[in-house]
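K.L.:
structure, please.
(one chain, ligands or ions: 2)
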Amino acid sequence: MAKEPKISVGVMAAQEPIEFHLLTSFEVNGKITLSPGDYKVCLDRGRVSLLTHEGQLITRDRLIRLLPKRFQESRLLLRQIPIGRGFHWEGRQDLTLQGEFQVQCSKGKELQVISWLPLEMYLSSVIGSEMSGTAPLEFLKAHAVISRSWAMRIMEGKGSVSLSPSSTPEPTEDTILRWTGTEIHQGFDVCADDHCQRYRGFLEETARNTESAVRETRGEILTYKDETCDTRYSKCCGGMTENFSTAWEDQNVPYLRGLHDNDRPSPGFSFPLSEERNAEAWITGSPEAFCKTRNREILETVLSPSDRTTRDFYRWETSHSQDEICGIVTQKTGRQLGWIRDLLALERGASGRISRLRIVGTARTLTVGKELEIRRILSPTHLYSSALVIKKEGERRDGIPSAFRLTGAGWGHGVGLCQIGAAVMATHGRTYGEILRHYFPNTHLSKLYGSAEVR
Ligand SMILES: [Zn+2]
Ligand SMILES: [Zn+2]
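P.N.:
Ligands and ions are numbered 1, 2, ... in the order given. This is a model prediction of the structure:
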């Protein structure tokens, strides 16, 4: 059985000198011992200089490696490092790190701080940063397996299942088709920011459930035909999960396909939801599903505090006046379509999510996709999902509606595991194995490595 791998996390990059504080002793490049205190690193003609706080040179090398004397107790503090870049929670935060470090020069002009640590230690921090430790244990265990599989795929150099992650087609005169690929980092496996998984370093207190979830699934990943799975997840599927190709490349991923988020199809509805009439009844209806819950306790353990402002995401509604929709569409697409006459679903996926939408304007018509791009274009920020029924309201003149009412289902792309549904399953007594088998059909739990090594 393989050994537990170490993962390299790109913690920060900067063009100016980086100051850090050592709380324990470290060894530099295998020769010098640094005692606890303040230090800084800066770039010097393509090399990295390590200096005392007062600016005295300690060593200068191609890269600086800091090895802890004792792994478990080792601590390094980086102050006020940027987080959530490009997201609405952008800010700065202190970061305490544990393990082994490397400072290197990237692209000849930037300092890169990389933290090396055992994968399980990384997972405890990631799960502890993203989830509440009071979430049901079997749900957290399912999440630990998903996060581990995701990290393993990256370390295997695969990332997304897509063959050409960033090769979305060039926009044309009448079509914009976009999706986001998993960009693979240069020089390290994962970044510490939300682009990969939010990594908050060493956490003073890891909740009991988080720690147990990682420990009890140690070394376990999800595989399909001996390959590590691309384990996608989103907040709430809306009652039916979605196919991979509705959100990303036109590719069939056998374990990422639409399925009922329940033990049996909700009675009174017709399928498939890719058909307009069925989708309309589904989205405007209230089908039974694991993720159909308003249980405050469950929602609070699964959603982060900034996401808890709403509880109506299983089914939701919003509307735009003609002026609003016209303004948003112009701003988001950068094209002048005139007044909006109609919004037509051209293609829907298994969960009813629209993957191609036709925007009919008085000046021209534009087709947009896939699901995330539609959510972006039809809202000042982002719509919860593209599982939408769009109704025209009133008439200004010449068949131009005065408003559009959007009724939607779910939150996120809906592909893979539905977080709310999985948490509800756990409270119903389902095991993490049952949860994973439900959302990722025909996959297996495989143990890559076993008992903890003595460090
Ligand atoms: Zn990243
Ligand atoms: Zn669901």
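K.L.:
residue in the stretch 1-150 of the chain with the shortest distance to ligand 2?
P.N.:
Going by Cβ to the ion, ligand 2 is nearest to Phe139 of the stretch 1-150 of the chain, at 12.9 Å. To be clear about C-beta, it is placed using only N, CA and C from the backbone, and glycine gets the same treatment.
K.L.:
make sure that residue is indeed in a helix.
P.N.:
Yes - checked against DSSP: H, G, I helix; E, B strand; the rest coil, Phe139 lies within a helix.
K.L.:
list phi and psi for the residue nearest to it when sequence neighbours are not counted.
P.N.:
Spatial nearest neighbour of Phe139, chain neighbours left out: Ala426 (3.9 Å); criterion: Cβ to Cβ, 6 or more residues apart in numbering. Torsion angles at Ala426 (phi, psi; degrees, to the nearest 10) stand at phi -60, psi -40.
K.L.:
surely Ala426 touches Leu436?
P.N.:
No - the pair Ala426 and Leu436 does not pass the contact test of Cβ atoms under 8 Å, sitting 11.4 Å apart.
K.L.:
give me the common contacts of those two.
P.N.:
Ala142 (Cβ atoms under 8 Å, 6 or more residues apart in numbering).
K.L.:
setting the sequence-adjacent residues aside, check what's closest to Cys42.
P.N.:
Nearest non-adjacent residue to Cys42 (Cβ to Cβ, 6+ apart): Pro17, at 3.8 Å.
K.L.:
correction: the previous question concerned Gly99.
P.N.:
Nearest in space to Gly99, with sequence neighbours left out and distances taken as Cβ to Cβ, 6+ apart, is Leu117 at 3.7 Å.
K.L.:
what helix or strand is that neighbour on?
P.N.:
Take DSSP states H and E as the rule and Leu117 turns out to sit in strand 110-118.
K.L.:
how far does that strand sit from its chain's centre?
P.N.:
Mean-position distance between strand 110-118 and its chain equals 21 Å (Cα atoms, centre = their mean, to the nearest Å).
K.L.:
surely Asp38 meets Glu19?
P.N.:
Yes - the pair Asp38 and Glu19 passes the contact test of Cβ under 8 Å, sitting 6.6 Å apart.
K.L.:
the more surrounded of these two?
P.N.:
Glu19 (16 against 13; other Cβ atoms under 10 Å).
K.L.:
tell me the SS of the more buried one?
P.N.:
Assignment for Glu19 (three-state DSSP): strand.
K.L.:
how close does it sit to ligand 1?
P.N.:
According to Cβ to the ion, to the nearest Å, Glu19 and ligand 1 sit 24 Å apart.
K.L.:
and for Ala387?
P.N.:
28 Å.
K.L.:
equivalent analysis for Met152, please.
P.N.:
Taken as Cβ to the ion, the span from Met152 to ligand 1 is 15 Å.
K.L.:
over to Ala247?
P.N.:
Ala247 sits 18 Å away from ligand 1, going by Cβ to the ion.
K.L.:
phi and psi next, for that residue.
P.N.:
Ala247 has phi and psi values of phi -100, psi -30 when expressed as degrees, to the nearest 10.
K.L.:
what about the closest residue to it other than its chain neighbours, which helix or strand?
P.N.:
Leaving aside its chain neighbours, Ala247 sits nearest to His413 (4.3 Å; criterion: Cβ to Cβ, 6+ apart). Using DSSP H and E, His413 sits in no helix or strand.
K.L.:
what is the neighbour count of His413?
P.N.:
Using other Cβ under 10 Å: His413 sits among 27 other residues.
K.L.:
surely it and Ser234 touch.
P.N.:
Yes - between His413 and Ser234 a contact is recorded at 5.0 Å, counting by Cβ under 8 Å.
K.L.:
got a list of contacts for the particular helix or strand that has Lys391 in it?
P.N.:
Taking DSSP H and E as the definition, one finds Lys391 inside strand 388-393. Identification of contacts with strand 388-393 by Cβ under 8 Å, 6+ apart yields 279-280, 283-284, 319, 342-343, 345, 354, 374, 378, 401-408.
K.L.:
how about a cut-off of 6 Å?
P.N.:
Residues outside strand 388-393 that contact it (Cβ atoms under 6 Å, 6 or more residues apart in numbering) are 280, 283-284, 343, 354, 401, 403-408.
K.L.:
so which of those is the closest to Arg153?
P.N.:
Ile354 (28.4 Å; Cβ to Cβ).
K.L.:
got the contact list for the closest one?
P.N.:
Ile354 sits in contact with 345, 348, 374, 386, 388, where contact means Cβ under 6 Å, 6+ apart.
K.L.:
and if you look at Lys40?
P.N.:
Contacts of Lys40 were listed using Cβ under 6 Å, 6+ apart, and they are 17, 19, 51.
K.L.:
thinking again about what came up before, can you tell me how far the residue nearest to Gly99 sits from ligand 1?
P.N.:
16 Å.
K.L.:
just confirm that residue contacts Phe101, I think it does.
P.N.:
No - using Cβ atoms under 6 Å, Leu117 is not in contact with Phe101; the gap is 9.6 Å.
K.L.:
pull the number of nearby residues for Pro401.
P.N.:
20.
K.L.:
now it. Nearest residue, chain neighbours left out?
P.N.:
Nearest non-adjacent residue to Pro401, counting by Cβ to Cβ, 6+ apart: Lys392, 3.8 Å away.
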